[in-house]
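> Here is a sequence together with a model predicted from it:
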Amino acid sequence: MFPFNITPDNALKEIQDFGNKLGQGLQNLTELGEIPVGASDYDVVYSEDKLSLHHYTPQVKNPNKTPLLIVYALVNRPYMADLQKGRSLVEGLLQNGQDVYMIDWGYPDAADRYLTLDDYINGYIDNCVDEVAKRAGVEKINLLGICQGGAFSLCYTSLHTDKVKNLITTVTPVDFHTKDDLLSHMVRNVDMEQLVETVGNVSGEMLNTTFLSLKPFRLTGQKYLDMVNILEDEDNALNFMRMEKWIFDSPDQAGEAYKQFISQFYQQNKLIKGEAMIGDQQVDLKNITCPVLNIFAKDDHLVPVAASKALEKYVGTNDYTSLEFPGGHIGIYVSGKAQKMIPPTVGEWLSKRS
């Protein structure tokens with residue numbers, strides 16, 4: 001006997017149900033209006049070129065005296081870390097006693113074509129660290145890096161050990177040549193010099209297509225079939241569209257910095273070799289002797305666990321902690337499970353080291 005009860009009547013009913021759900025979902029979509037993102041109040045306290053530095057309104061009476069600066073990746077927009085109330089890393093950190101700042105890189109354009117990794121790390125990040133430290137009246141701050149922003153934070157901490165008290169990396173690639181790193185295999189033999197010479201800045205649309213192609217069935221066809229069951233409910237429809245807005249809100253990448261990052265990190269794996277150059281300075285992860293908390297995601301398809309876990313072997317600290325989140329690259333910031341796990345862990349870890 002077949003395990004499925006497939007009859008003409010059942011098939012017709014399923015098609016009708018699908019059509020009804022689709023119709024209701026489309027009706028809900030037309031009534032959503034502007035898709036709101038961002039859960040937490042903030043002030044822009046510093047700006048430079050396209051960059052703006054956000055300071056979030058504290059949510060406890062006496063927040064940690066050592067402020068926490070979040071360094072997001074250049075890819076996509078940082079409001080992923082503060083997408084909506086109840087599903088916000090920023091909100092959770094505020095509720096767990098942290099004084100939170102975050103860098104918004106903005107949208108690079110043709111004027112930014114020749115920005116380098118040195119400009120981003122020893123320029124923009126360093127200026128933001130100085131501003132945060134000055135506002136808090138401290139010499140060192142806490143740093144939290146997200147994905148590529150985590151790699152930037154590792155480089156920054158290695159080069160500026162006197163300015164970072166505690167370092168947290170989340171879904172951060174460290175060893176870029178692990179066997180299961182699909183993104184690394186995809187770009188390892190690309191002629192970056194020719195690519196950037198040809199296109200200048202690398203379009204966000206091209207990068208987004210690349211990321212989606214790593215799981216093409218799940219992130220394209222299957223997602224939009226599943227969408228029909230989600231859009232019936234207005235709240236679920238709004239949540240779905242928030243994610244869609246973020247996914248396709250992809251800034252272009254400054255050509256020179258992109259070339260340097262892909263070439264040195266993904267293609268030559270120089271970060272773990274101690275050979276990565278930021279300007280005229282060489283990055284040695286052994287210089288990182290401050291406490292390190294490394295958080296990675298078990299089901300991450302962009303940054304495999306092995307690529308992140310490698311950090312422990314290369315940093316020079318005696319205070320190293322790791323945490324594996326049972327989810328994926330994005331779920332670690334927006335899922336309900338993450339809100340119960342990540343902000344409290346980070347808050348407690350930092351409080352013990354303040």
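Received, thanks.
> which intervals of the stretch 1-150 of the chain have sub-threshold pLDDT?
Applying pLDDT under 70 to the stretch 1-150 of the chain flags residues 1-6, 9, 11-33.
> Which parts of it are helices?
Along the stretch 1-150 of the chain, counting by DSSP state H, counting those that start in this stretch, helices occupy 8-30, 89-95, 117-118, 126-136, 148-159.
> Strands of the protein, residue ranges please.
42-48, 51-56, 68-71, 100-104, 141-146, 164-170, 277-278, 281-282, 292-297, 320-325 (DSSP state E).
> name the helices or strands packed onto the last one?
Using 3 or more CB pairs under 8 Å, 6 or more residues apart in numbering; DSSP states H and E as the contact definition, the elements that strand 320-325 packs against are strand 292-297, helix 311-314, helix 336-352. (Glycine included, C-beta is placed from N, CA and C.)
> what sits up against the second one?
When you say that, I think you mean helix 311-314. Contact with helix 311-314 is made by 154, 169, 172, 174, 272, 285-286, 292, 294, 320, 322, as judged by CB atoms under 8 Å, 6 or more residues apart in numbering.
> Report the two of the residues you listed separated the most.
For the contacts of helix 311-314, the farthest-apart pair by CB to CB is 286 and 322; their separation is 17.9 Å.
> More neighbours: which of these two?
More crowded of residue 286 and residue 322, by other CB atoms under 10 Å: residue 322, with 14 against 11.
> Look up the residues forming beta bridges with the residue lying closest to the more buried one once chain neighbours are set aside.
Closest residue to residue 322 apart from its sequence neighbours, by CB to CB, 6 or more residues apart in numbering: residue 294 at 4.8 Å. Going by DSSP bridges, residue 294 is paired in beta bridges with residue 169, residue 322.
> Return the distance of stretch 86-103 from the chain's centre.
In terms of CA atoms, centre = their mean, to the nearest Å, the centre of stretch 86-103 is found 15 Å from the chain centre.
> ah, wrong one, I meant stretch 298-308
13 Å.
> ditto for stretch 237-244
That offset, for stretch 237-244, works out to 18 Å (CA atoms, centre = their mean).
> ok, now stretch 292-299?
How far stretch 292-299 lies from its chain's middle: 12 Å, per CA atoms, centre = their mean.
> ok, residues contacting it?
For stretch 292-299, the surrounding residues in contact (CB under 8 Å, 6+ apart) are 166-172, 303, 305, 308-309, 311-312, 315, 317, 319-329, 331-332, 342, 345-346, 349.
> returning to that earlier point: can I get the strands of the chain in CSV including distance to residue 112?
Putting these into CSV (distance: least, CB to CB, whole Å) gives the following:
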stretch, distance to residue 112
strand 42-48, 12
strand 51-56, 10
strand 68-71, 18
strand 100-104, 15
strand 141-146, 21
strand 164-170, 26
strand 277-278, 17
strand 281-282, 22
strand 292-297, 30
strand 320-325, 33
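> Looking at those, which is nearest to residue 205?
Nearest of those to residue 205, taken as CB to CB: strand 100-104 at 20.2 Å.
> Would you mark the buried spots in that closest one?
Neighbour-count burial for strand 100-104 flags 100-104 (criterion: 16 or more other CB atoms under 10 Å).
> Next, format those residues as a markdown table and append distance to residue 238.
Output for those, formatted as a markdown table (distance: CB to CB, whole Å):
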| residue | distance to residue 238 |
| --- | --- |
| 100 | 25 |
| 101 | 28 |
| 102 | 23 |
| 103 | 27 |
| 104 | 23 |
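> between the residues you listed, which is closest to residue 67?
residue 101 (6.0 Å).
> just to revisit the earlier point, which of the helices and strands packed on strand 320-325 is buried the deepest?
Most buried of the helices and strands packed on strand 320-325, by mean neighbour count (mean count of other CB atoms under 10 Å): strand 292-297, with a mean of 24.
> quick one: average pLDDT of that one?
Mean pLDDT, computed over strand 292-297, is 97.
> can you state the direction angle for it and strand 320-325?
Computed by axes from the mean of the first three to the mean of the last three CA atoms, to 10 degrees, the angle separating strand 292-297 from strand 320-325 equals 20 degrees.
> what angle separates strand 292-297 from strand 141-146?
Per the same axes, to 10 degrees, the angle that strand 292-297 makes with strand 141-146 is 20 degrees.
> Would you mind writing the CA trace of strand 292-297 as CSV?
C-alpha atoms of strand 292-297 as CSV (Å, rounded to 0.1, in the frame of the first residue of the first chain):
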residue,chain,number,x,y,z
VAL,A,292,37.5,36.2,24.4
LEU,A,293,34.0,34.7,24.0
ASN,A,294,33.5,33.0,20.7
ILE,A,295,29.9,32.1,19.7
PHE,A,296,29.1,30.0,16.7
ALA,A,297,26.0,28.3,15.2
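> Can you tell me which of the contacts of helix 311-314 lies closest to residue 213?
Using CB to CB, those come closest to residue 213 at residue 172, 22.2 Å.
> and the gap between the closest one and residue 230?
In this view, residue 172 and residue 230 are 30 Å apart by CB to CB, to the nearest Å.
> pLDDT wise, what is residue 250 at?
89.
> ok, the closest residue to residue 96 other than its chain neighbours - contacts?
Closest residue to residue 96 in three dimensions, ignoring its sequence neighbours and counting by CB to CB, 6+ apart: residue 347, at 2.9 Å. Listed by CB under 8 Å, 6+ apart, the contact partners of residue 347 are 93, 96-98.
> Output the below-cut-off pLDDT ranges for the stretch 151-300 of the chain.
Scanning the stretch 151-300 of the chain for pLDDT under 70 picks out the ranges 217-221, 223-225.
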